[in-house]
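**Student:** predicted model and sequence follow; I will ask about them next.
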Amino acid sequence: MIDFSPYLGEIQQQLEEFQAQGKRMFASSSFQTNSVVLLHLISRFAPQTPIYFLNTGFLFPETFLFRDMLRAQWGLNIMTLRSIQSRHQQVSGDGRFLFASDPDTCCHINKVLPLEPVLQSHDIWINGVRGAQSETRKAMKKIQPAAHGILRYHPILEWDSRMMYYYIEANNLPKHPLDDAGYVSIGCQPCTRSYEDDLDGRGGRWAGLNKTECGLHTTLGGGS
């Protein structure tokens, strides 16, 4: 087992420091199994924090069920964002959905653009990226500047799959309904496949494409 008390103490202290400074904080979450760790920490140490959920219009029905269950169980302050473009407007010239013809633009429309106004009205963006998930995330720091002058805070950046597993088990946290079906990383339904061989990474997302990020942690991740 793992003694989480030093990690939890550090996270609690940092969140309390942000609050004492009057910082306007928000969190973002995709509401998959690994999301429950960050969501549980927020419910313990900063329960009033708004948690933004990006409804792309292409999510699994099970993700909505999981979101609603966690909201009811922990009293989370969940805010839902959607693109101003309807699904039927998100098509290429030959009539294909953008997730099939131009997934980068699809992510930009459904994730990056809806979240930008939130960054402009807050000071601290809390999210649950972990360095073990990808090379992009490995290069991140626990606190770093991001777009629109906001600071990103990554409280579990250094946690690996073993720590995530034991924290979930120790606190009896619920799992996403698709977890047992082999979905390690869950995003939009057309762009997610079951993939059991990559416990820390992003296996199963955008299968067959040279793409590992949606833009939230790249386009909005730097200090531009």
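**Tutor:** Perfect, thanks for sending it. Residues are numbered from 1 along each chain as shown.
**Student:** any idea which helix or strand in this structure has the lowest mean pLDDT?
**Tutor:** Comparing every helix and strand of the chain by mean pLDDT, DSSP states H and E singles out helix 98-101 as the least confident one, with a mean of 68.
**Student:** just checking, next helix/strand downstream of it?
**Tutor:** Towards the C-terminus, the helix or strand next in line after helix 98-101, according to DSSP states H and E, is helix 103-107.
**Student:** now that following helix: buried residues?
**Tutor:** Pro103, Asp104, Cys106, Cys107 (16 or more other C-beta atoms under 10 Å). Every residue, glycine included, has its C-beta placed from N, CA and C.
**Student:** distance between that helix and the chain's centre?
**Tutor:** Its chain's C-alpha centre and that of helix 103-107 lie 17 Å apart, by C-alpha atoms, centre = their mean, to the nearest Å.
**Student:** which parts of the following helix or strand past that helix are buried?
**Tutor:** Heading C-terminal from helix 103-107, the first helix or strand you meet, by DSSP H and E, is helix 113-120. Within helix 113-120, the residues scored as buried using 16+ other C-beta under 10 Å are Leu113, Pro114, Leu115, Val118, Leu119.
**Student:** what separation do you get for the second one and Leu81?
**Tutor:** Using C-beta to C-beta, to the nearest Å, Pro114 is found at 4 Å from Leu81.
**Student:** what's the overlap in contacts for these two?
**Tutor:** Among the neighbours of Pro114, those also in contact with Leu81 (C-beta atoms under 8 Å, 6 or more residues apart in numbering) are Leu54.
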